[in-house]
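1. need coordinates for the following:
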Amino acid sequence: MGSGSRWAPWAALLYSPRARKGGGAGWGLDGLVALKAIGWILFAGVSFRLLCSLSSSPMSLEIKEGKCDLFNGEWLPNPSGPAYTNSSCRFIDDHQNCMMNGRPDIVYLYWRWKPYECDLPPFNEVRFLSAMRNKAWGFIGDSILRNQVQSLICLLSKADEPVEVYHDKEFKNRRWHFQSYNFTVSFVWAPFLVKSEVSENENGESTSEIQLHLDVLEPTWISQYESFDYVIIAGGQWFLKTAVYWENGKVIGCHYCQDKNLTELGFEHLYRRTLQAVLRFISSTNHKPVVLFRTWAPDHFENGEWSSGGTCSRVLPYRKGEYSGKYMDNVMRRIELEEFNKAIAAVNSSGDVVNLKLLDIYSLSAMRPDGHAGPYRMFHPFAQGNKDASSVQKDCLHWCVPGPIDAWNDLIMKLVLN
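-> Numbering: from 1, shown residues only. The predicted model follows:
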């Protein structure tokens, strides 16, 4: 039985049109009041659920000595609700704007990440911007990292309205400036982190095999690296795509090239070699920004994948231990942790000064199958005259904004400012 079935009484309330203003087009003042009221009702119900399960929970209530593991915890009810909405933030891309697109349930907005051994304070935009005055941040990666940038921009815009000062023709590379603090946030599109040649149509479908140069880091981010005081860098689902691998100007193999007489090297080979090259560059370059390596972000497709009718219809987080992740998640995460630990060990033994931190969002994100855009990547996908339910594309990879992804930025603030 799905986790949503335990919340049938709440579903009737939370799907009520009276909890929304304008039929889902946005959240006005009345909607915010309803959000707060429903949040307190939700808090009472979920608290009862948690109290009933405490005896069997793996959570230890004792505070251990030493540093707190920010990445080991669970999601607790948060009656305060989100720090912003689509009405208060205009920087949410349409595909992640679940509120605007008519998502009818709001339970997913009322949770906060709680490490077992300490508290994780909510994001403080004034404190963050004050600490980052005259600084520049660079986010280097794919659309999931861009998803996180949206969240950060929305959080920061509560204190200072940013201006988008740059974007390329396709809006893949972008930069925002917070004038009151002379603070910039840049997103650098580099889904493979290494040099790539990609031919895709507007739907993200490859028109030919991707060509990847394993021994050459992507010039787009390398050329900007010295301009950043802080860097968030991450790999992602692109590494699973069909691709031809190059090294020293020669083809050395490929992944899933069924019609080519090439050695199958597998995506594991690509991902490990890429992370080794990236971490080696970070450790050896003269410029030493604070670097946060963000771990694998899981998807929650069920009954299929992106291109085969996969869905994500759960409306509650998983409890600790309820979901062990997909095979692919565990493979990629293991590679990440192994290579990160090797890099830290190498730095420690060499005596070099490298400010490299791990932003481990995997476990907390794996527990949130309810936080994805699903069918609400499109505007009112089930409205009269639109496609029937079976043909609506579901996005179970990217996250609603606001949503669970806001906790990633809570973690960033804790890691950087504490």
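2. against Lys158, how distant is Leu262?
-> 51 Å (Cβ to Cβ, to the nearest Å). C-betas here are computed from N, CA, C, even on glycine.
3. need phi/psi at Leu397.
-> The phi and psi values for Leu397, taken as degrees, to the nearest 10, are phi -110, psi -50.
4. which non-adjacent residue is nearest it?
-> Using Cβ to Cβ, 6 or more residues apart in numbering and skipping residues adjacent in sequence, the residue nearest Leu397 is Asp299, 4.2 Å away.
5. what's the local residue count around the one you found?
-> Counted with other Cβ atoms under 10 Å, residues neighbouring Asp299 total 22.
6. and what about it, helix, strand or coil?
-> Secondary structure for Asp299, judged by DSSP: H, G, I helix; E, B strand; the rest coil, is coil.
7. wait, doesn't it sit right on Gln237?
-> Yes: when contacts are counted by Cβ atoms under 8 Å, Asp299 is listed as touching Gln237 (7.1 Å).
8. shared neighbours of those two, anything?
-> Leu397 (Cβ atoms under 8 Å, 6 or more residues apart in numbering).
9. ok, Gln276 touching Glu339?
-> Yes: here Gln276 reaches Glu339: they are 6.0 Å apart, a contact under Cβ under 8 Å.
10. more neighbours: which of the two?
-> Between Gln276 and Glu339, counted using other Cβ under 10 Å, the more crowded position is Glu339 (20 against 15).
11. which non-adjacent residue is nearest the more buried one?
-> Closest to Glu339 by Cβ to Cβ, 6+ apart is Leu275, at 4.3 Å.
12. my guess is that neighbour contacts Gly235, does it?
-> Yes: with contact defined as Cβ under 8 Å, Leu275 counts as touching Gly235 (6.9 Å).
13. show me which of the two is the more surrounded one.
-> Gly235 (27 against 23).
14. thought Tyr166 was touching Thr184?
-> No: counting by Cβ under 8 Å, Tyr166 stays clear of Thr184, with 9.4 Å between them.
15. just the buried residues of stretch 333-341, please?
-> 333, 335-336, 339-340 (16 or more other Cβ atoms under 10 Å).
16. now Val216, what's its secondary structure?
-> strand.
17. ditto for His177
-> strand.
18. neighbours of Glu305, just the number please.
-> So Glu305, with other Cβ under 10 Å, has 12 neighbours.
19. how far away is it from Ser208?
-> Relative to Ser208, Glu305 is positioned 21 Å away (Cβ to Cβ).
20. next: Ser130.
-> From Ser130 to Ser208 the distance is 49 Å (Cβ to Cβ).
21. what of Lys169?
-> Counting by Cβ to Cβ - Lys169 and Ser208 are separated by 21 Å.
22. now for Leu275 and Gly235: what residues contact both?
-> Both Leu275 and Gly235 are contacted by Glu336, under the criterion Cβ under 8 Å, 6+ apart.
23. C-alpha coordinates for the helix or strand containing Asp410, PDB please?
-> Applying DSSP states H and E as the criterion places Asp410 in helix 406-417. C-alpha atoms of helix 406-417 as PDB (Å, rounded to 0.1, in the frame of the first residue of the first chain):
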ATOM      1  CA  ASP A 406      15.300  24.100  -0.400                       C
ATOM      2  CA  ALA A 407      16.900  21.900   2.300                       C
ATOM      3  CA  TRP A 408      19.900  21.600   0.000                       C
ATOM      4  CA  ASN A 409      20.500  25.300   0.500                       C
ATOM      5  CA  ASP A 410      19.900  25.100   4.200                       C
ATOM      6  CA  LEU A 411      22.800  22.600   4.200                       C
ATOM      7  CA  ILE A 412      25.000  24.900   2.100                       C
ATOM      8  CA  MET A 413      24.500  27.700   4.600                       C
ATOM      9  CA  LYS A 414      25.400  25.500   7.500                       C
ATOM     10  CA  LEU A 415      28.500  24.100   5.800                       C
ATOM     11  CA  VAL A 416      29.800  27.500   4.600                       C
ATOM     12  CA  LEU A 417      29.000  29.800   7.500                       C
END
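24. can you give me the buried ones in that helix?
-> By neighbour count on 16+ other Cβ under 10 Å, the buried set for helix 406-417 is 406-414, 416.
25. in JSON lines: these, plus distance to Trp137 and pLDDT.
-> Shown next, in JSON lines, are those (distance: Cβ to Cβ, whole Å; pLDDT from 0 to 100):
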{"residue": "Asp406", "distance to Trp137": "17", "pLDDT": "98"}
{"residue": "Ala407", "distance to Trp137": "18", "pLDDT": "98"}
{"residue": "Trp408", "distance to Trp137": "14", "pLDDT": "98"}
{"residue": "Asn409", "distance to Trp137": "11", "pLDDT": "98"}
{"residue": "Asp410", "distance to Trp137": "16", "pLDDT": "98"}
{"residue": "Leu411", "distance to Trp137": "15", "pLDDT": "98"}
{"residue": "Ile412", "distance to Trp137": "9", "pLDDT": "98"}
{"residue": "Met413", "distance to Trp137": "12", "pLDDT": "97"}
{"residue": "Lys414", "distance to Trp137": "16", "pLDDT": "96"}
{"residue": "Val416", "distance to Trp137": "10", "pLDDT": "96"}
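26. these into JSON lines, with extra columns for distance to Leu356?
-> Listed next are the buried residues of helix 406-417 as JSON lines, based on distance: Cβ to Cβ, whole Å:
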{"residue": "Asp406", "distance to Leu356": "24"}
{"residue": "Ala407", "distance to Leu356": "22"}
{"residue": "Trp408", "distance to Leu356": "18"}
{"residue": "Asn409", "distance to Leu356": "19"}
{"residue": "Asp410", "distance to Leu356": "20"}
{"residue": "Leu411", "distance to Leu356": "16"}
{"residue": "Ile412", "distance to Leu356": "14"}
{"residue": "Met413", "distance to Leu356": "18"}
{"residue": "Lys414", "distance to Leu356": "16"}
{"residue": "Val416", "distance to Leu356": "13"}
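27. by contact count, what packs against the helix or strand hosting Leu275?
-> Per DSSP H and E: Leu275 is located in helix 266-284. The contact analysis (3 or more Cβ pairs under 8 Å, 6 or more residues apart in numbering; DSSP states H and E) places helix 266-284 against strand 210-217, strand 243-247, strand 250-255, helix 327-350, strand 356-359.
28. and these, which is most packed in?
-> Here the criterion is mean neighbour count by mean count of other Cβ atoms under 10 Å, and of the helices and strands packed on helix 266-284 the winner is strand 243-247, at a mean of 21.
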